[in-house]
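>>> Sequence first, predicted coordinates after that:
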Amino acid sequence: MEELFGLSMNGIMLFLLATFIGGLAVVVLLAVRNRVMAKLGLRNIPRRWAQTILIIVGVMLSTVIMSAALGTGDTISFSIRSETLKGLGHIDEILVYSRAGAEDSLGSSSYVPFERFEQIERDLAGLDTIDGLTAQLAETAPTVDLRTSLSEGQMRVVGIDPARMEGFGAFTLTSGGEVRLESLAPGEAYLNDRAAKELDAEAGDDLRVVIGEESHILKVRGVVERGGLAGFGSTLILPLEPAQALFDRASRVNLIVVSNRGDEVAGERLSEEVTRELRVLFADREVASQLKELLNQEPVLTALERRQSVLEGDLKRDLSSLRTELERDELSDELISLLADEDVSDELLDILNIRGDLPVEEGSSSARLEALREAGLEASTLFRDLREFQVFDFKHDALSIADDAGSATTSLFLIMSLFSIMVGVLLIFLIFVMLAAARRSEMGMTRAVGAKRSHLVKMFLFEGTAYALVSAAVGVVLGLLVSALIVLVINRIIATFDADFRIVTHFTVRSAIVAYCLGMVITFGTILFSAYRVSRLNIVMAIRGLPETLLPSEEPPFRTRLNYLRKAQFRPVLFLIRGVRFAVRRRFGRLVQSWLFAVLWVVIFPIWIVDIVVGVFRFAWPYLLRGWLTFLLGLLVAVGVASGSIPERDSLFGGGVSLMILGLGLMLRTALKRTSLRPEVRDRIAFTAIGVGILVMWALPPDTFRGITGDLDGDFDVMFIAGIFMVASAVWAVMFNADLLLKALTAATGRVG
């Protein structure tokens, strides 16, 4: 598996590894500089082992899910790749003659004189990317084992030139040892192990091969391992000349197979280069020039661009390159290669014939569409004349499919598990809120003797990081075990309809690193937010064990909020100025630290952007908290989706409506301030109403708002947005009812912590 969500796995690993190492380095540096706080934070871990184990189990949930998803994706990709490499062996490309003759039969490849193959062999002699080239005769024929009376109705009979086996590897007997086709006597053949299993055949058996109205008897000389020239399906293997005589095709072949330089894996890396060279070699340049002239017109290029926008992967890339090459003055080899690609030519013909599901530019005239169709009819004829041979890079395509299958499996698992991952995040938050609720008196006394709020944050950060380091490692191991269990279940299902294919459990170190670092980053971020949240306590109320409102009743002054926003915009300059002040005071450690932060803010530009976004958010926070600005933002999003001014997606519309519900709930909270209700009661009423409203909204049938919005696009992003709002509602419930939850837990267990 090389990609995930369209991003390189190597890039994801390096980014997450750098983030993890950087974050851990910051925590270690803080611990070294705040040893007392580090000891106070870490001392709680060995004091209550049962609590520690429960916390580790809760914290590792997200990591288990991600590790299982990545491990399953690796396994799927590895299994398909292994089957592909086993089936094709050293075969990298296959050439099929594209111009049928009068003697060719329906359902088989067209035949070409052996002299033409020899000419191709001479033409490719100087190409150092190819180390093997051989011709075959390949047909299917019903075959019966006369000893067992078992038959194979679609036995593949292959004739191979014994003199041209270099680069493809030798045939290997299932009993061990290599064999050569030259050793076969007249009337003898080899079976591959797949065919031997179907016929229950063994060496010495006689086979009846039915060709047309004639029957031929062949003796099995031995059973060879399948793969490569021996075929992957049921295959009967003969030398080329006896096979030509068997099918009455003297001096003719219908397949040419190519082996690229290197082994099975290394050869595939040259497939794109070799395929391009072969397609150019077998293309008629004059026909290609006519195609270029035909396709290089505005209606065709416009239709091509529109089609490209709805595709993805290699085909999207090829159509983009095709459009670029068509607009060039000269006829390039790259353009010829693209035109000779069957997938590209099929897509072009679909475009030119204006397929029903193809998006056509609004307002297109009938004359414009007719011009495209006429170009399609002419192009169809030219494409038939363009290629002498079709070049199929089966191995490259199959391995790409394997990687795509692994990525798709992982993406599907992760997307389907978004709710579970969010529940894991909520569980982490719940754990630390409950820990804070249990230690409120302790934290209040710590603040009373001189500790700052930042000291409480660091205490929880040190403790949480220790939990996360262990839980992420345990989560990766358990996730891989879950992946192995999933593979076991899948194999049992596959065995009911295919006894030969097996998914082989396979994990990569890269995926384990990604799962560990991603679990750590998610946990670390949640812990940091939780620690900041629980540090905002009233010292007197904490010591006395009284409940307090989590949302401040007083808004920060306008000037304070505006000043923070200004500082965020010029943060690097402020760090430099602070460094100069430290230099004047001869505090060189702080000088280096300030200037290092100034460099980080500029070099890692997203940090600066996030700082400014936080500044804007803090400035707008009181207005968001009153509800009217939150409601207005949600209304703008919902109206934008309904009017089509922003992407028409279910997730965006649902997010806008959810923000409107949130805004209404916050306005209710503001209105309740005029009543005699206690602050914590007001908050519980408002946020309970918000949670119920959001839950009801996302539980409504998908077509509830169709009369307002029309048809909207929806995908897994709907689950993601719904999960965010629903988990946020649960977080609020935990925050505003932590004292009630703690009392219930105390009554149930008889103790706290």
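Nice, thanks for sending it over.
>>> From now on I want contacts and neighbour counts done on CA atoms only, so please keep to that.
Noted.
>>> What count of nearby residues applies to Arg306?
16 (other Cα atoms under 10 Å).
>>> Quick check: the gap between it and Leu339.
Distance from Arg306 to Leu339, counting by Cα to Cα, to the nearest Å: 19 Å.
>>> do Ile217 as well
When Ile217 is compared with Leu339 (using Cα to Cα), they lie 45 Å apart.
>>> Give me the next element, helix or strand, following whichever strand or helix holds Thr560.
Here Thr560 sits within helix 558-569, counting by DSSP states H and E. Heading C-terminal from helix 558-569, the first helix or strand you meet, by DSSP H and E, is helix 571-584.
>>> could I get that following helix in PDB with only the CA atoms?
What follows is helix 571-584, C-alpha atoms only, in PDB (Å, rounded to 0.1, in the frame of the first residue of the first chain):
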ATOM      1  CA  ARG A 571       4.300  37.200  16.400                       C
ATOM      2  CA  PRO A 572       7.800  36.600  14.800                       C
ATOM      3  CA  VAL A 573       8.700  40.300  15.200                       C
ATOM      4  CA  LEU A 574       7.600  40.200  18.900                       C
ATOM      5  CA  PHE A 575       9.800  37.100  19.400                       C
ATOM      6  CA  LEU A 576      12.800  38.900  17.900                       C
ATOM      7  CA  ILE A 577      12.200  42.000  20.100                       C
ATOM      8  CA  ARG A 578      11.800  39.700  23.200                       C
ATOM      9  CA  GLY A 579      15.100  38.100  22.300                       C
ATOM     10  CA  VAL A 580      16.800  41.500  22.200                       C
ATOM     11  CA  ARG A 581      15.500  42.300  25.600                       C
ATOM     12  CA  PHE A 582      16.800  38.900  27.000                       C
ATOM     13  CA  ALA A 583      20.200  39.700  25.300                       C
ATOM     14  CA  VAL A 584      20.300  43.000  27.200                       C
END
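>>> what's the average pLDDT for that helix?
The pLDDT scores in helix 571-584 average 87.
>>> Please spell out which residues along it are buried.
Across helix 571-584, burial judged by 16 or more other Cα atoms under 10 Å covers Arg571, Pro572, Leu574, Phe575, Leu576, Ile577, Arg578, Gly579, Val580, Phe582.
>>> So which residues make contact with that helix?
Contacts of helix 571-584 from elsewhere in the structure, counted by Cα atoms under 8 Å, 6 or more residues apart in numbering, are 567, 588, 590-595, 597-599, 601-602, 608.
>>> right, and His90 touches Glu264 too?
Yes. With contact defined as Cα atoms under 8 Å, His90 counts as touching Glu264 (5.0 Å).
>>> The stretch 1-150 of the chain: strands as residue ranges?
Assigned by DSSP state E, counting those that start in this stretch, the strands in the stretch 1-150 of the chain fall at 3-4, 7-8, 93-97, 112-113, 130-145.
>>> for the ones you listed, which one sits closest to Leu240?
strand 130-145 (6.8 Å; Cα to Cα).
>>> next SSE after that closest one?
Using DSSP H and E, the first helix or strand after strand 130-145 is strand 151-160.
>>> Walk me through which strands that next one pairs with, and which way each runs.
Next to strand 151-160 in the sheet, as set by DSSP bridges, lie strand 130-145 (antiparallel), strand 235-239 (parallel).
>>> highest average neighbour count across these?
strand 235-239 (a mean of 26; mean count of other Cα atoms under 10 Å).
>>> which intervals of the stretch 351-500 of the chain have sub-threshold pLDDT?
The stretch 351-500 of the chain contains residues with pLDDT under 70 at 353-377, 414-424, 426, 430, 433-440, 447, 498-500.
>>> any chance you could map the helices in it?
For the stretch 351-500 of the chain, helices defined by DSSP state H, counting those that start in this stretch occupy the ranges 366-386, 394-416, 418-438, 440-448, 453-494.
>>> Including distance to Ala642 and mean neighbour count, could the ones you listed go into CSV?
Converted to CSV, the helices of the stretch 351-500 of the chain look like this (distance: least, Cα to Cα, whole Å; neighbours: other Cα atoms under 10 Å):
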stretch, distance to Ala642, mean neighbour count
helix 366-386, 31, 16
helix 394-416, 26, 20
helix 418-438, 27, 21
helix 440-448, 48, 19
helix 453-494, 42, 20
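>>> Skipping its backbone neighbours, what lies nearest Ala250 in space?
Gln244 (5.2 Å; Cα to Cα, 6 or more residues apart in numbering).
>>> tally of neighbours for the one you found?
For Gln244, the count of nearby residues is 21 (other Cα under 10 Å).
>>> Just to check, it is in contact with Asn254?
No. Judged on Cα under 8 Å, Gln244 makes no contact with Asn254 at a distance of 10.5 Å.
>>> what residues do the two have in common as contacts?
Shared contacts of Gln244 and Asn254 (Cα under 8 Å, 6+ apart): Leu137.
>>> What are the neighbouring residues in contact with the spatially closest residue to Asp200 that is not a sequence neighbour?
By the measure of Cα to Cα, 6+ apart, the closest residue to Asp200 outside its immediate chain neighbours is Thr148, 6.8 Å from it. Contacts for Thr148 were tallied using Cα under 8 Å, 6+ apart; they are Leu199, Asp200, Ala201.
>>> rewinding a little: minimum distance to Ser320: which of the strands of the stretch 1-150 of the chain has it?
Ranking the strands of the stretch 1-150 of the chain by their distance to Ser320 (criterion: Cα to Cα) puts strand 7-8 first, at 19.6 Å.
>>> Ramachandran coordinates for Leu127?
phi -90, psi 110 (degrees, to the nearest 10).
>>> any chance of the contacts of helix 571-584 in JSON lines, with neighbour count too?
Putting the contacts of helix 571-584 into JSON lines (neighbours: other Cα atoms under 10 Å) gives the following:
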{"residue": "Lys567", "neighbour count": "15"}
{"residue": "Phe588", "neighbour count": "14"}
{"residue": "Arg590", "neighbour count": "17"}
{"residue": "Leu591", "neighbour count": "21"}
{"residue": "Val592", "neighbour count": "15"}
{"residue": "Gln593", "neighbour count": "14"}
{"residue": "Ser594", "neighbour count": "21"}
{"residue": "Trp595", "neighbour count": "20"}
{"residue": "Phe597", "neighbour count": "16"}
{"residue": "Ala598", "neighbour count": "21"}
{"residue": "Val599", "neighbour count": "14"}
{"residue": "Trp601", "neighbour count": "19"}
{"residue": "Val602", "neighbour count": "14"}
{"residue": "Trp608", "neighbour count": "20"}
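>>> Which pair of those residues spans the longest distance?
Farthest pair in the contacts of helix 571-584 (Cα to Cα) is Phe588 and Trp608. Separation: 24.4 Å.
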